[in-house]
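>>> The sequence and its predicted three-dimensional model are supplied below.
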Amino acid sequence: MADSAPLAGLPGPLPAPPPASGRRRAGVLGAAVGVLAAGAAAGVAVERLTVGRSVRRRARLALDATSPYGTLRGTPGSVLAEDGTPLAYEIEDPYAAPSEDGGVPLAGEAPFTVVLSHGYCLNQDSWHHQRAALRGRARAVYWDQRGHGRSGWTPGAPPPGIDLLGSDLKAVIDAAAPTGPLVLLGHSMGGMTVMALAERYPDLVRERVVGLGLVGTSAGRLDEVAWGLPAPGAEALRRLAPGVLRALGSAPALAEAGRRAVTDVFGTLVRRYSFGTGAETDPALARFATRMIEATPMEVVAAFWPAFAAHDKTAALPLLRGRPAFVLAGTDDLITPATHSRTLATALPEADLTLVPGAGHLVLLERPQEVDAAVTRLLEAVEGR
């Protein structure tokens, strides 16, 4: 083990596009805020300055068609959240028996179900490597957080808080794993979702959760994170981010124009805040991560941002004690720094802490061997109880 640490629906016309210099400033700040907020993109793809956009797009599609990332699929399902938002999930069940009509497989007798919750501006495919490792090993449920992946989003709805995500996870569990023991894994915002579930549904956690894995996440005090910036820069970002994101969310065409205007800056930012310095990133992995963040609507990015400053689930951590667990983070994570994982491990005495040297926020994609090993140890501990 490594070292054991106006928005849609609002009245009023859209603002006129700013002049080129203003558009560039909006693009730079928007790119910075979006990447810092998400911690989920990467930078090196097809060269953008010497070829036309349509050629670049065809080249990227051709490259991506040969990549395995995002190709693993299970049996799809959907459930409505408490506010009516559709939540998409997929089940992989090696214990399931084929149905007589060739439809959805019949539930088997799995000893437990692993439920995996992804992070901000990602989707269920961010668990690609862990999904491959779990195939044939355990019954697993992957789901898309609201506004992400294939799950729904209500334009103009009030900004969601982390508590609402805990209720969303409960709805997915009720639909996809209504009985039997549970192992909960969460990355980044997905780990916060697990904490919210524990706080709101303590009986469920006490009676059914037999294992826990928290990857690159935090129980709170995210408003103090400096994102690797000097103190004045971090303070400026905290002050400007909400307004910039609201503006970009209300004018997606302007946001896209700004992003294109600062492509090189954006590429540098996404690489810095998604991956660490321990190894060179696979270009196919970089493009895969980029597609996930680009697929997240700017309105969703903007709506979730305030939830992180308000997030504090320290009081919920005792509810997660008393079961096998692990906490894992990259030492180069600038979004949810490794110190936050150390704090989690201190609050969860049973948890094994793994800090992956040189890995960044997307450690589950960047260093899958270490994450897969932690999951394997967890499942072995659960099976040995």
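Yes, it's here. Numbers count the residues shown, from 1 in each chain.
>>> what's near enough to touch the residue nearest to V209 when sequence neighbours are not counted?
Excluding the flanking residues, the one nearest V209 by Cβ to Cβ, 6 or more residues apart in numbering is L182, at 5.0 Å. The C-beta positions use only the backbone N, C-alpha and C, and glycine is treated the same way. L182 sits next to 112-115, 173, 208-211 when contact means Cβ atoms under 8 Å, 6 or more residues apart in numbering.
>>> looking at the residues you listed, which has the most residues close by?
V114 (27 neighbours; other Cβ atoms under 10 Å).
>>> you'd agree it is in a helix?
No. Counting by DSSP: H, G, I helix; E, B strand; the rest coil, V114 falls outside a helix, being strand.
>>> Surely it touches A138?
Yes. In this structure V114 lies within contact range of A138 using Cβ atoms under 8 Å: 5.1 Å.
>>> okay, and the common contacts of those two?
With Cβ under 8 Å, 6+ apart as the test, V114 and A138 both reach 183, 379.
>>> Now do the SS call for the residue nearest the centre of the chain.
Nearest residue to the geometric centre of the chain (Cα atoms, centre = their mean): G119, 1.3 Å. For G119, the assignment made with three-state DSSP gives coil.
>>> got it, and G70?
coil.
>>> That one contacts H128, correct?
Yes. With contact defined as Cβ under 8 Å, G70 reaches H128; the gap is 6.6 Å.
>>> Now list whatever residues contact both of the two.
Common neighbours of G70 and H128, counting by Cβ under 8 Å, 6+ apart, are F288.
>>> between the two, who's got more neighbours?
When G70 and H128 are compared on other Cβ under 10 Å, the one with more neighbours turns out to be H128, at 20 against 15.
>>> Just give the nearest non-adjacent residue to the more buried one, would you?
Nearest to H128 is Y69, by Cβ to Cβ, 6+ apart, at 5.4 Å.
>>> Repeat that for E82.
Distance criterion Cβ to Cβ, 6+ apart; nearest residue to E82, sequence neighbours excluded, is S167 at 5.3 Å.
>>> what's the burial count for the one you found?
Using other Cβ under 10 Å: S167 sits among 17 other residues.
>>> With the one 10 residues further on instead?
Counted by other Cβ under 10 Å, the residues lying close to A177 total 23.
>>> just checking, it touches W143?
No. Look at A177 against W143 with Cβ under 8 Å: they stay out of range, at 10.5 Å.
>>> Do a quick rundown of the strands in this protein.
In the chain, the strands defined using DSSP state E lie at 75-80, 86-92, 113-117, 139-143, 182-187, 209-215, 325-330, 351-356.
>>> Quick check: which of those strands is nearest to E366?
strand 325-330 (7.2 Å; Cβ to Cβ).
>>> What's the local residue count around T376?
For T376, using other Cβ under 10 Å, the count is 14.
>>> burial count for the residue nearest to E370 when sequence neighbours are not counted?
Distances taken as Cβ to Cβ, 6+ apart place V356 nearest to E370, at 4.9 Å, with adjacent residues excluded. For V356, the neighbour count with other Cβ under 10 Å is 26.
>>> Repeat that for the one 3 residues further on.
Using other Cβ under 10 Å, A359 has 28 other residues around it.
>>> What does it show for phi and psi?
A359 adopts backbone torsions of phi -90, psi 150, taken as degrees, to the nearest 10.
>>> which ones are touching it?
Contacts of A359 by Cβ under 8 Å, 6+ apart are 275-276, 278, 329-333, 366-367, 370.
>>> Highest neighbour count among these?
Neighbour-wise, the contacts of A359 (other Cβ under 10 Å) top out at G330, 34 neighbours.
>>> distance of that residue from G276?
Distance from G330 to G276, counting by Cβ to Cβ, to the nearest Å: 5 Å.
>>> Show me the helices in the chain, by range?
Under the criterion DSSP state H, the chain carries helices at the ranges 20-38, 53-65, 128-134, 162-176, 189-200, 202-208, 231-250, 252-261, 263-274, 283-294, 298-310, 338-347, 363-366, 368-383.
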